[in-house]
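> Show me the folded form of this:
(chains A, B and C)
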Amino acid sequence: MNADRLARPAEEVAPELLGAVLTHETAEGTVSVLVTETEAYSGTADPASHAYRGRTPRNAVMFGPAGHLYVYRSHGLHWCANIVTGTDGVASAVLIRAGRVIGGEDLARSRRGPKVEDPRLARGPGNFCQALGITAEHNGADLLTGAGVTLSGGEPVPAARIRVGPRVGVSRAHDWQHRFYLAGDPTVSAYRLSPRAESPDRARSPRRRAT
DNA sequence: CGGGGGATTGTT
DNA sequence: ACAATCCCCCGA
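Numbers count the residues shown, from 1 in each chain, chains lettered A, B, ... in the order given. Coordinates of the predicted model:
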């Protein structure tokens, strides 16, 4: 993967990362996943981005150069991985939401559990990280060095197979069309509207909280 | 320094 | 619809 391709805004890079392959090599073995679903987070300009309120210890990696991994813990349970994009000093990142395991299936299943069906091994951002064995220790990892977690281009995806939609689960700016996925692919996660999604017109919703 | 809440997941 | 479960970050 060329660093220059990543040195652009997340919303431009996100659809191009479909079909790319993330590989994690450990002593236990190697797992490779072909990316089938991404979401763009546009840094300080994006109310849903962790970088929206500026640089903090947690989100610092997003402000660095492209091609590194930004890993954060979600809901105290799961790890989620972003590929940092954009130029150094400007926060921008693409959340990897799902993929298809194309190598090291046995290892991936040993991490995810024996009952998990193939398409679900890396379906959802938390499951994706679990299948690949990505944790906090990989926060800031350089994906272009060829060691540990690496990113490669993979097969180009025909534009006709790419779909765009609103982001999953975010409460703010949930209608931004920043989610990209492969049409009809069973490894793509299901869409969920956040229960807190702020709606400009809530008149149709009978259940409004009295504050 | 206390507490609300989240880029989730799997089950009820 | 909800719990599990950590910790970031805002406001005081």
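> which helices and strands does the host helix or strand of residue A:70 pack with?
Per DSSP states H and E, residue A:70 falls inside strand A:69-74. Other elements packing on strand A:69-74 under the criterion 3 or more Cβ pairs under 8 Å, 6 or more residues apart in numbering; DSSP states H and E are strand A:78-84, helix A:125-132. For the C-beta atoms, the positions are set from N, CA and C on the backbone; glycine is no exception.
> biggest strand in chain A by residues?
strand A:29-41 (DSSP state E).
> in that strand, what's buried?
By 16 or more other Cβ atoms under 10 Å, the buried positions in strand A:29-41 come out as A:31-41.
> ok, and does stretch A:43-63 reach over to DNA strand C?
Yes: against DNA strand C, stretch A:43-63 shows contacts by Cβ under 7 Å from any atom of the strand at A:50, A:53-54, A:56-59.
> Residue A:50 against residue A:41, yeah?
Yes: counting by Cβ atoms under 8 Å, residue A:50 does reach residue A:41; the two are 7.5 Å apart.
> related to what we said a few turns ago, and which of the buried residues of strand A:29-41 is nearest DNA strand B?
residue A:41 (4.1 Å; Cβ to the nearest atom of the strand).
> who's in contact with that closest one?
Residues in contact with residue A:41 (Cβ atoms under 8 Å, 6 or more residues apart in numbering) are A:10, A:48-51, A:82, A:92-95, A:178.
> JSON lines for those residues, including secondary structure and neighbour count?
Shown next, in JSON lines, are these (DSSP: H, G, I helix; E, B strand; the rest coil; neighbours: other Cβ atoms under 10 Å):
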{"residue": "A:10", "secondary structure": "helix", "neighbour count": "29"}
{"residue": "A:48", "secondary structure": "coil", "neighbour count": "19"}
{"residue": "A:49", "secondary structure": "coil", "neighbour count": "24"}
{"residue": "A:50", "secondary structure": "coil", "neighbour count": "17"}
{"residue": "A:51", "secondary structure": "coil", "neighbour count": "24"}
{"residue": "A:82", "secondary structure": "strand", "neighbour count": "27"}
{"residue": "A:92", "secondary structure": "coil", "neighbour count": "30"}
{"residue": "A:93", "secondary structure": "strand", "neighbour count": "31"}
{"residue": "A:94", "secondary structure": "strand", "neighbour count": "31"}
{"residue": "A:95", "secondary structure": "strand", "neighbour count": "24"}
{"residue": "A:178", "secondary structure": "coil", "neighbour count": "25"}
